[in-house]
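Chemist: 3D model of this:
(2 chains)
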Number of protein chains: 2
Amino acid sequence: MSKSELSLTDVTSPSCEVTPLTREPLTAAAAVELSGIFKALSDPVRLRLLSLIASHAGAEACVCDISDGFDVSQPTISHHLKVLREAGLLSSERRGSWVYYRVEPAALAQLSRLLDITLPAAATR
Amino acid sequence: MSKSELSLTDVTSPSCEVTPLTREPLTAAAAVELSGIFKALSDPVRLRLLSLIASHAGAEACVCDISDGFDVSQPTISHHLKVLREAGLLSSERRGSWVYYRVEPAALAQLSRLLDITLPAAATR
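Modeler: Have a look, this model is predicted:
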């Protein structure tokens, strides 16, 4: 994975709309950016961490809330959380001794819209 | 990527509903299956191929329609199409000399639903 910070804002128009796959082909640049975000989702531990945080009250969770139930070390969990953060899917904030993670609703919503097949397809191309 | 065939049907309930991430944490088994599907989406050429097919008239395209504009060989394109097919995102059908690829609407719709942040979050956990 590239060390560069990936963000959905890089692939969106000024109106922050991602065009659904059914509407028009992705540009090469958008495909590169989006593939990095999907790569962040391509690990089962990261998916579970994201779902734990997303389904937690307030769509936010402390690292102390989400370490249980994983058969990986705390540093490994921290690494996975960092990958999700660098992909723009999570944000984090330190409060006292703990770091709190929160889902980025706009990032998830735009991926959801990208894959939304219920939106009208292009009639022709 | 595992050689085994991945399919969204393996991670869905009998009603074919994927629970949004905001509703409840993914199980370990669902996370493994879904991570394989996101891995199929984590390559820019595969994302462009999927978007070309999805946005083509009828959400279907012949290999002959989708090879232009890619700076990779035809065997590489065929490999990427196979990965998307094995992930359950595309289906294929041979007609005469050509293979036609079609998006699997249910697969995309379920990923979209998984990531849909607009659905109500769990109140508590």
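Chemist: ok, which stretches of chain A are helices?
Modeler: Using DSSP state H, the helices of chain A run over residues A:28-40, A:44-55, A:63-66, A:74-86, A:105-114.
Chemist: of all those helices, which lies closest to residue B:43?
Modeler: Among the helices of chain A, helix A:28-40 comes nearest to residue B:43, with 5.6 Å by Cβ to Cβ. Quick note: C-beta positions are derived from backbone N, CA and C, even for glycine.
Chemist: so who does the spatially most central residue of chain A touch?
Modeler: Using Cα atoms, centre = their mean, the residue of chain A that lies closest to the mean C-alpha position is residue A:89, 2.8 Å off. Residues near residue A:89 by Cβ atoms under 8 Å, 6 or more residues apart in numbering or on different chains: A:37, A:40-41, A:50, A:103-104, A:107-108.
Chemist: residues in contact with the helix or strand bottoming out on mean pLDDT in chain A?
Modeler: The weakest-scoring helix or strand in chain A, judged by mean pLDDT, DSSP states H and E, is helix A:63-66 (a mean of 84). Defining contact as Cβ under 8 Å, 6+ apart, one finds that helix A:63-66 is touched by A:49, A:52-53, A:56, A:74, A:77-78, A:81, A:98-101.
Chemist: from the residues you listed, which is closest to chain B?
Modeler: Taking Cβ to the nearest Cβ as the measure, residue A:52 is the one of the contacts of helix A:63-66 closest to chain B, at 4.7 Å.
Chemist: Contact partners for the spatially closest residue to residue A:42 that is not a sequence neighbour?
Modeler: The shortest distance from residue A:42 to any residue other than its chain neighbours is 3.8 Å, reached at residue B:39 (Cβ to Cβ, 6 or more residues apart in numbering or on different chains). Taking Cβ under 8 Å, 6+ apart, we find residue B:39 in contact with A:38-39, A:42, B:1, B:87.
Chemist: Please report the distance of residue B:39 from residue B:23.
Modeler: Computed as Cβ to Cβ, to the nearest Å, the residue B:39 to residue B:23 distance reads 23 Å.
Chemist: Run through the bridge partners of residue A:98.
Modeler: When bridges are assigned using DSSP bridges, the partners listed for residue A:98 are residue A:95.
Chemist: I'd say it and residue A:61 touch.
Modeler: No. With contacts defined as Cβ atoms under 8 Å, residue A:98 does not count as touching residue A:61, sitting 10.0 Å away.
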